[in-house]
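Visitor: model the following, please.
(one chain, ligands or ions: 1)
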Amino acid sequence: MTTSDPVNSDAPRVGLGWDRHRLEAGRPCMLGGLRFECDRGPAGHSDGDALLHALCDALLGAAGLDDLGTMFPDTDPLWRDAPSRVFVEAATAALQTRGLRVLSADLVVVCDAPRLSPRRAELRDALAILLDLPADRVNVKGKTTEGRDPDWLEAQAVVLVGPA
Ligand code: MG
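Guide: So this is what the prediction gives:
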């Protein structure tokens, strides 16, 4: 990585994250740090919260840091069944040590179950609290695959980061 910075160091940075987990019976259905009522949940070494994983990778990407899997490897027993909130907290802390803060976040969840719409506002508020942002600087949308991909849950996140 070059250390020269031809861009104004105060210029905002964008980060993109994506994740996809298989839905398995008997797993808690964690999404954005909330537990949804569903007979299946995302498989994973941690709690499988694909939305927070995508958010975390967006944060790390904006800061020019390693990705989630490198920072918190799924071979490490320390992260078994870990609440994915701790990964987001670690990523935002890493931003802070670099003099950066999150300015806004926009997220998409793609799955046929659970349905997001009944809890969309609650989910948005939970993400805003996690990122220490006003709710109008966070958005989350739910999409379905209309039955074409019912066994998977996918999440995408874009964040804008600027000087603290
Ligand atoms: Mg993941």
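
Visitor: what does this structure put close to the ion?
Guide: 19, 53 (Cβ under 5 Å from the ion). All C-beta spots, glycine's among them, are computed from the backbone N, C-alpha and C.

Visitor: any weak-confidence spans in the chain?
Guide: The model of the chain has pLDDT under 70 over residues 1-7.

Visitor: so where do the strands sit in it?
Guide: 13-25, 29-31, 34-36, 40-42, 100-110, 138-143, 152-163 (DSSP state E).

Visitor: format these as CSV; extra columns: mean neighbour count.
Guide: Converted to CSV, the strands of the chain look like this (neighbours: other Cβ atoms under 10 Å):
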stretch, mean neighbour count
strand 13-25, 17
strand 29-31, 25
strand 34-36, 16
strand 40-42, 24
strand 100-110, 20
strand 138-143, 18
strand 152-163, 21
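
Visitor: and the closest residue in space to R98 that isn't next to it in sequence, how many residues sit next to it?
Guide: Spatial nearest neighbour of R98, chain neighbours left out: A63 (5.7 Å); criterion: Cβ to Cβ, 6 or more residues apart in numbering. Neighbour count for A63, taken as other Cβ atoms under 10 Å: 22.

Visitor: surely A63 touches V14?
Guide: No - counting by Cβ atoms under 8 Å, A63 stays clear of V14, with 11.1 Å between them.

Visitor: mutual contacts of those two, please.
Guide: V161 (Cβ atoms under 8 Å, 6 or more residues apart in numbering).

Visitor: show me the contacts for the residue in the chain that the ion sits nearest to.
Guide: Using Cβ to the ion, the single residue of the chain nearest to the ion is H53, 3.5 Å away. Contacts for H53 (Cβ under 8 Å, 6+ apart) come out as 17, 19, 21, 68, 84, 87, 155.

Visitor: and the fourth one, how close does it get to S84?
Guide: In this case it means L68. Distance from L68 to S84, counting by Cβ to Cβ, to the nearest Å: 9 Å.

Visitor: could I get the contacts of H53 as TSV with distance to V108?
Guide: Output for those, formatted as TSV (distance: Cβ to Cβ, whole Å):
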residue	distance to V108
G17	11
D19	11
H21	15
L68	18
S84	17
F87	19
A155	7
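
Visitor: nice, that's everything, thank you.
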